[in-house]
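[1] Provided below are the primary sequence and the corresponding predicted coordinates.
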Amino acid sequence: MQLVIFFLLILTHTYADYPALKAVLSEKGLRDVSQMMAVWIQNKLKSTEIPEVRGGVDIGIGTVEYVISNMQVVQCSMSGPSMEFVNGIGVSVEVSQLSLAITGSWATQFGIIHDGGSVDLAVYNIKIKTLLGLGDEAGRLSITTISCSDDVGGVHIQFHGGASFFFQPFVSAFQGQISEMIHVRICPAIQQAISELEKNLQKIPVSKIPKSFPIHLNTSQFGAFIPQLRTLYPNMEMQVLLYASKTPLFSFSSGVIDVHVPVAAKFSVVKPDGMLVPLFRLDVDGSFSGSALIDNKHLTGDFKMKNLTVTVGSSEIGDFKTAGLEHILVIAVNIFVLPKLNDYLKTGFLLPTLQDFSLINSKLLIKNGFVVIFTDVENSWTVSMKTKVQTSPNNHFNGVNLHA
């Protein structure tokens, strides 16, 4: 979820003498993240622990004590959540037609008579509505749960095994209990997930555009490259809206990863009353190449700039040359941007693995159009077997291959 939010915060505002980057969630980004949200909700529900249910059913000649345990969500279906902005607050998220399939075990006791089997539960027409507050906390994105409500449409239960034919008629006696149990846990689970996300967001380090950065966003500084700025708007702050003009393109050739990043930047001047006056749009086209390898179960890499060009897309202040701006931008990317990126890539990303399995002797191969990872796979039981074979006093086994 953290990655989803940051990838979709695609609009950026910058202003003042020592600017920072401020992310703005767009309508398009909101539509895209709603699709990602559906996957996130389903995965969260599947990993939610469901406590056991205990109770009793009066059958006229006594009470049958029952317990339903070992419940887990095995299937989750839903329509895509609807998301919309709430002015001055954040984002409203509404989920409807959410259904869950749950399996578990049941057991009963009536005096000295014990019985048990499996149980299938279908929980349908769950509706969730939550209001998320988005803000800026010391330069970081902040997200909180302002309100949450939910409703469970119904529960259907089917018992299997044992004397389930006898127990089935009493299902209505505790359907309401199970429905209420699910109802009271939905919003707390969402609030906990949002709280965990907020903690992760606050751990992300904030990097300031340094004071030594060669360009500051005001007309005095930019006037060195665009002389008419000093005449038309002397000593005034500027703002830039930075966005991807096209989808970044990744391509793979023999041993090399090429990245093409087209960016557009709309510049405005900030008047004393806060009004914005459009100035011009610059189109920045950057291409980078890099290498990748696997080091100690981490995917690492290193990138360098191949080319970067700056052209005038449109202008409200007349023509001007971009050679000076392009030269400064190239220096800035090489001195400030790429070193930070490559420092991060030195640590790299931990390769995903299955539970109880580890990757060894991993190699990465970049070919035309794709990336291949070759690896041996080792799991805990092969390691245990290897240890036993090596320490056995009567060891007669040779050539045991413990790698997949």
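    Sure thing, it's come through. It should be emphasised that the depicted structure is a prediction, and the values quoted were computed from it without experimental measurement.

[2] let me see the domain layout of the chain.
    By the assignment in automatic domain parsing, the chain contains the domains 2-203, 219-350.

[3] of all those domains, which lies closest to residue 360?
    Nearest of the domains of the chain to residue 360, taken as C-beta to C-beta: domain 219-350 at 8.4 Å. The C-beta positions use only the backbone N, C-alpha and C, and glycine is treated the same way.

[4] on that earlier part again, redo the domains of the chain as JSON lines? Include mean neighbour count.
    Output for those, formatted as JSON lines (neighbours: other C-beta atoms under 10 Å):
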{"stretch": "domain 2-203", "mean neighbour count": "15"}
{"stretch": "domain 219-350", "mean neighbour count": "15"}
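
[5] quickly, which of those domains bottoms out on average pLDDT?
    Ranked by mean pLDDT, the domains of the chain bottom out at domain 2-203, with a mean of 74.

[6] how far off centre is that domain?
    Relative to its chain's centre, domain 2-203 lies at 18 Å (C-alpha atoms, centre = their mean, to the nearest Å).

[7] when you give positions from now on, start the count at 55
    Right, with 55 as the first residue, what we last looked at is domain 56-257.

[8] now distance to residue 414 too, for the domains of the chain, in a markdown table please.
    Output for the domains of the chain, formatted as a markdown table (distance: least, C-beta to C-beta, whole Å):
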| stretch | distance to residue 414 |
| --- | --- |
| domain 56-257 | 28 |
| domain 273-404 | 8 |
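
[9] residue 428 is nearest to which of those?
    Minimum separation from residue 428 across the domains of the chain (C-beta to C-beta) falls at domain 273-404, 9.4 Å.

[10] any idea how far apart the tips of that closest one sit?
    45 Å (C-alpha to C-alpha, to the nearest Å).

[11] again, but for stretch 270-290
    Stretch 270-290 has an end-to-end distance of 11 Å (C-alpha to C-alpha).

[12] again with stretch 360-380
    End-to-end distance of stretch 360-380 (C-alpha to C-alpha): 14 Å.

[13] hmm, back to that, wait, which of the domains of the chain is closest to residue 418?
    Closest among the domains of the chain, using C-beta to C-beta: domain 273-404, at 4.9 Å.

[14] for the protein, which helix is longest?
    As assigned by DSSP state H, the longest helix anywhere in the chain is helix 226-257.

[15] I'd like the next helix or strand past it.
    Following helix 226-257 in sequence order, the next helix or strand is helix 273-276 (DSSP states H and E).

[16] and the helices in the stretch 355-458 of the chain?
    In the stretch 355-458 of the chain, the segments counted as helices under DSSP state H, counting those that start in this stretch are 377-386, 392-401, 434-445.

[17] what angle separates the first one from helix 392-401?
    This points to helix 377-386. 30 degrees (axes from the mean of the first three to the mean of the last three C-alpha atoms, to 10 degrees).

[18] mind giving me the packing neighbours of helix 377-386?
    Contacting helix 377-386 under the criterion 3 or more C-beta pairs under 8 Å, 6 or more residues apart in numbering; DSSP states H and E are the following elements: strand 352-369.

[19] and the strand it packs on, which strands flank it?
    According to DSSP bridges, strand 352-369 forms sheet pairs with strand 330-349 (antiparallel), strand 403-404 (antiparallel).

[20] so which of those strands is nearest residue 361?
    Across the strands paired with strand 352-369, closest to residue 361 is strand 330-349 (C-beta to C-beta), at 4.9 Å.

[21] chain center to that closest one: distance?
    Centroid displacement of strand 330-349 relative to its chain, using C-alpha atoms, centre = their mean, is 23 Å.

[22] same deal with stretch 273-281?
    Here stretch 273-281 is found 40 Å from its chain centre; the criterion is C-alpha atoms, centre = their mean.

[23] what's the first-to-last distance across that stretch?
    For stretch 273-281, the first and last residues are 9 Å from each other (C-alpha to C-alpha).

[24] and residue 326, how far from residue 289?
    According to C-beta to C-beta, to the nearest Å, residue 326 and residue 289 sit 11 Å apart.

[25] which residues do those two both contact?
    Common contacts of residue 326 and residue 289 (C-beta atoms under 8 Å, 6 or more residues apart in numbering): none found.

[26] before we move on, back to that, now for the strands paired with strand 352-369, which one comes closest to residue 277?
    Closest to residue 277 of those, according to C-beta to C-beta: strand 330-349, at 11.8 Å.

[27] could you check the angle helix 226-257 makes with the helix or strand containing residue 146?
    Assigning secondary structure by DSSP H and E places residue 146 in strand 144-164. Here the directions of strand 144-164 and helix 226-257 differ by 140 degrees (the same axes, to 10 degrees).

[28] assign the residue in the chain sticking out farthest from the centre to helix, strand or coil.
    Ranking residues of the chain by C-alpha distance from their mean position (C-alpha atoms, centre = their mean) puts residue 115 at the top, at 55.6 Å. Following DSSP: H, G, I helix; E, B strand; the rest coil, we place residue 115 in the coil state.

[29] next, it: phi, psi?
    phi -110, psi 10 (degrees, to the nearest 10).

[30] could you check how far it is from residue 161?
    Separation of residue 115 from residue 161 (C-beta to C-beta): 20 Å.

[31] tell me which strands the strand holding residue 146 pairs with, and in which orientation.
    strand 117-131 (antiparallel), strand 136-140 (antiparallel), strand 167-191 (antiparallel).

[32] adding distance to residue 301, write these out as CSV.
    Below are the strands paired with strand 144-164 laid out as CSV (distance: least, C-beta to C-beta, whole Å):
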stretch, distance to residue 301
strand 117-131, 30
strand 136-140, 22
strand 167-191, 25
